[in-house]
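Novice: quick one: sequence plus predicted model below, questions after.
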Amino acid sequence: MLNKQIRSVLFAGVAAMAVTACGADDVASPGEGTIVLPAPTPTPTPTPTPTPTPPTGGPAADCPTGTANVGTITTGNGEEVRNCQISGVITDNLLIPDNDGTIYSLNGAVEIGVDGGATGIITIEPGVVLFGSSGGDFLLVNRGSQIFAEGTAAEPIIMTSRQNIEGSTGVNSIGQWGGVVILGRAPISDCATGGASNPGGTRTDCQAIVEGPSNAVYGGTLPADSSGRMSYVQVRYPGFEVSPGNELNGITLAGVGSGTFFQNIQVHNSSDDGVEWFGGRVNGKNLVMTGIDDDSVDSDSGYKGNNQFVLVVQRAGGGDHVMEADSNGDEDAEPRQDHKLANVTFVSSGQDHVILLRGGGDYAFYNSVFNSPAACIDIDSATTIQAAGAAADENGPPVFESVFMSCATAFVDDSNIAVAQIQTLFNAGSNNTESGTSTLVNSAAAFAFINGATENAVTPFAVSAVDAFFEDVSYIGAVQDANDTRFQGWTCGLYADDCATAPTIG
């Protein structure tokens with residue numbers, strides 16, 4: 001990462017406003033000062049085992065426009081780098097460049113734009129490493145504003161914790177900073193204000209306060225709204241419980257519209273959900289959740305969208321459902337949820353069921369692999385399995401096509417929807433395997449998520465006929481075989497035990 005040019009940008013109108021929740025004591029950030037760890041060992045005269053030269057030539061002299069120079073950090077890799085702090089409310093265009101010898105830190109709640117007021121744009125270059133120090137440090141993009149965080153497979157953008165930068169994280173480290181919240185103006189179904197003035201459609205007056213931050217509003221009447229672009233981004237060790245039942249997720253997408261690009265995303269070791277969709281219309285592809293402590297994939301509040309190539313591996317002793325789908329208890333809410341997933345591999349630790357579907361939504365799984373030492377499928381509520389047409393935009397009961405399951409128990413009997421009913425729905429699809437034998441293969445990091453002989457023997461369903469967003473491929477699951485490079489290079493923890501390692505700063 002040599003010969004980088006520093007591009008300056010205009011930055012104006014930084015207000016002191018910060019989003020807080022449940023009192024300052026819960027979310028106050030300690031701020032970012034100079035962090036001094038032991039100095040790196042200089043390169044010795046070559047010997048049979050020389051000490052490697054640090055990757056950079058030292059910290060940058062100063063910080064880019066719109067960020068504050070708060071000293072230097074010596075990372076767990078022995079790199080001394082400039083710490084450039086981002087804070088306040090961004091109401092113009094802010095560029096975060098990948099400068100040699102530079103790392104970026106969030107100071108408290110960093111907001112992009114003001115809901116119903118000034119707008120802002122944050123652009124993050126490939127290779128940038130950004131961190132938070134506490135649950136009160138998070139990035140929030142308000143309605144009408146945008147984020148452009150586009151890394152590359154070779155240079156992903158890494159958003160992580162201060163502990164990870166210092167090299168003190170481990171396999172069970174979670175919830176060390178807040179995460180990312182993106183708020184849009186697409187339709188939702190659970191209203192804090194307004195009502196069902198347009199059932200089955202756009203609900204012209206439905207909006208709500210998002211989980212986590214206080215007084216942050218999402219929802220609207222623009223299904224194709226754009227909150228920007230995110231691609232090749234890692235979010236490590238996020239999540240924070242603001243108050244009981246009110247948490248920051250790894251990435252929260254609330255009312256985010258279909259004009260938003262959301263692909264090649266990893267969330268690692270979040271203390272709450274990995275990615276949670278609250279309503280909206282944004283689609284997602286190439287999504288990885290590893291080590292999530294709650295639900296890895298969570299959708300509710302009338303989300304209508306498609307996800308393809310979704311890989312989830314829970315860590316031993318951690319995790320709730322791999323996927324939970326709900327509608328916040330309002331089973332008659334409109335628009336009705338419609339979440340379609342193709343080519344997913346869900347590997348559960350067995351702490352709970354692989355998937356829980358409830359709340360009167362519509363759900364479909366195509367070309368998917370479920371693996372667990374516990375149960376695979378739980379479906380609750382008669383409205384979740386009722387036939388199409390009961391609601392204005394209802395597509396009918398859950399759909400399963402070319403789904404291969406290898407769980408200790410296929411279906412859950414919890415005195416709600418009976419096992420026989422779930423089994424009938426499952427077997428209504430084609431090429432489904434209720435109780436198969438897993439041949440998932442381990443990677444170098446010892447996680448079994450790569451298809452083996454039994455998974456690759458399943459005939460895939462032609463998903464392009466369902467929606468043009470989906471790609472037809474010749475296999476089920478997220479990873480076909482050891483030669484499949486879809487998730488290689490830009491993720492951590494899958495092909496090497498490297499998430500806890502401090503990222504290299506360019």
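Specialist: The structure has been received and is ready for your questions.
Novice: tell me the spacing between Leu222 and Glu150.
Specialist: Counting by C-beta to C-beta, to the nearest Å, the separation of Leu222 from Glu150 is 22 Å. For glycine as for every other residue, the C-beta is placed from the backbone atoms N, C-alpha and C.
Novice: and the residue lying closest to Val297 once chain neighbours are set aside, how many neighbours does it have?
Specialist: Leaving aside its chain neighbours, Val297 sits nearest to Met323 (4.1 Å; criterion: C-beta to C-beta, 6 or more residues apart in numbering). Neighbourhood size, Met323 [other C-beta atoms under 10 Å]: 29.
Novice: my read is that Met323 contacts Asp298, right?
Specialist: Yes: applying C-beta atoms under 8 Å, one finds Met323 in contact with Asp298, separated by 7.2 Å.
Novice: partner strands of the helix or strand hosting Met289, with direction?
Specialist: Using DSSP states H and E, Met289 maps to strand 284-290. Next to strand 284-290 in the sheet, as set by DSSP bridges, lie strand 261-268 (parallel), strand 304-313 (parallel).
Novice: and the host helix or strand of Asn69, what other elements does it pack with?
Specialist: Here Asn69, judged by DSSP H and E, is contained in strand 68-74. Judged by 3 or more C-beta pairs under 8 Å, 6 or more residues apart in numbering; DSSP states H and E, the packing partners of strand 68-74 are strand 80-90.
Novice: which residues in the stretch 1-150 of the chain form helices?
Specialist: 24-27 (DSSP state H, counting those that start in this stretch).
Novice: can you pull out the strands in it?
Specialist: Per DSSP state E, counting those that start in this stretch, the stretch 1-150 of the chain has strands spanning 68-74, 80-90, 93-96, 102-112, 121-124, 129-132, 138-141, 146-150. These are given in chain order.
Novice: quick one on the thing from earlier: residues contacting the residue nearest to Val297?
Specialist: 295-299, 312, 341, 346, 354-356 (C-beta atoms under 8 Å, 6 or more residues apart in numbering).
Novice: repeat for Gly493
Specialist: Here Gly493 is in contact with 268, 290-291, 445, 447, 499 (C-beta under 8 Å, 6+ apart).
Novice: mind checking what secondary structure it has?
Specialist: For Gly493, the assignment made with DSSP: H, G, I helix; E, B strand; the rest coil gives coil.
Novice: any idea how far it lies from Glu155?
Specialist: Gly493 is 18 Å from Glu155, by C-beta to C-beta.
Novice: for the residue lying closest to Gly452 once chain neighbours are set aside, phi and psi?
Specialist: Distance criterion C-beta to C-beta, 6+ apart; nearest residue to Gly452, sequence neighbours excluded, is Thr439 at 2.7 Å. With angles defined as degrees, to the nearest 10, Thr439 sits at phi -120, psi 30.
Novice: and for Thr439, the neighbour number?
Specialist: Thr439: 15 neighbours (other C-beta under 10 Å).
Novice: quick one: contacts for it?
Specialist: Thr439 touches 451-455, counting by C-beta under 8 Å, 6+ apart.
Novice: just put the strands of the stretch 1-150 of the chain in TSV and tack on mean pLDDT, mean neighbour count and distance to Trp277.
Specialist: Output for the strands of the stretch 1-150 of the chain, formatted as TSV (pLDDT from 0 to 100; neighbours: other C-beta atoms under 10 Å; distance: least, C-beta to C-beta, whole Å):
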stretch	mean pLDDT	mean neighbour count	distance to Trp277
strand 68-74	98	18	34
strand 80-90	98	23	24
strand 93-96	98	20	26
strand 102-112	97	25	19
strand 121-124	98	21	21
strand 129-132	98	25	22
strand 138-141	97	27	15
strand 146-150	98	21	16
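Novice: could I get the ones you listed in JSON lines, plus columns for distance to Gly259?
Specialist: Converted to JSON lines, these look like this (distance: least, C-beta to C-beta, whole Å):
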{"stretch": "strand 68-74", "distance to Gly259": "33"}
{"stretch": "strand 80-90", "distance to Gly259": "20"}
{"stretch": "strand 93-96", "distance to Gly259": "19"}
{"stretch": "strand 102-112", "distance to Gly259": "16"}
{"stretch": "strand 121-124", "distance to Gly259": "14"}
{"stretch": "strand 129-132", "distance to Gly259": "24"}
{"stretch": "strand 138-141", "distance to Gly259": "14"}
{"stretch": "strand 146-150", "distance to Gly259": "10"}
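Novice: what's around Ala61, how many residues?
Specialist: Neighbour count of Ala61, defined by other C-beta under 10 Å: 10.
Novice: who touches Gly284 in this structure?
Specialist: Counting by C-beta under 8 Å, 6+ apart, Gly284 has contacts 262-263, 265, 275, 305-308, 310.
Novice: go again using 10 Å as the cut-off
Specialist: Neighbour list for Gly284: 230, 251, 253, 260-265, 275, 277, 297, 305-310, 341, 469 [criterion: C-beta atoms under 10 Å, 6 or more residues apart in numbering].
Novice: that one bridge partners, please.
Specialist: Asn307.
Novice: output the below-cut-off pLDDT ranges for the stretch 301-450 of the chain.
Specialist: When residues are selected by pLDDT under 70, those of the stretch 301-450 of the chain lie in 327-332, 390-392.
Novice: return every residue with contacts to both of Met323 and Asp298.
Specialist: Common neighbours of Met323 and Asp298 are listed as 273-274, 356 (criterion: C-beta under 10 Å, 6+ apart).
Novice: how near is Ser189 to Val210?
Specialist: Per C-beta to C-beta, Ser189 is found 14 Å from Val210.
Novice: which other helices and strands contact the longest helix seen in the chain?
Specialist: Identified as the longest helix of the chain according to DSSP state H is helix 419-427. Judged by 3 or more C-beta pairs under 10 Å, 6 or more residues apart in numbering; DSSP states H and E, the packing partners of helix 419-427 are strand 362-379, helix 382-385, strand 399-411.
Novice: mind listing what the residue nearest the centre of the chain touches?
Specialist: Centroid check for the chain by C-alpha atoms, centre = their mean gives Val275 as the closest residue, at 3.6 Å. The contact partners of Val275, by C-beta under 10 Å, 6+ apart, come to 180, 235, 249-253, 262, 265-267, 284, 287, 289, 292, 295-299, 307, 310.
Novice: one more pass at 7 Å, please.
Specialist: Residues counted as contacts of Val275 (C-beta atoms under 7 Å, 6 or more residues apart in numbering) are 250-251, 253, 267, 287, 297.
Novice: with distance to Ile165 added, can I get the residues you listed in JSON lines?
Specialist: Listed next are the contacts of Val275 as JSON lines, based on distance: C-beta to C-beta, whole Å:
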{"residue": "Gly250", "distance to Ile165": "18"}
{"residue": "Ile251", "distance to Ile165": "20"}
{"residue": "Leu253", "distance to Ile165": "26"}
{"residue": "Val267", "distance to Ile165": "18"}
{"residue": "Leu287", "distance to Ile165": "25"}
{"residue": "Val297", "distance to Ile165": "28"}
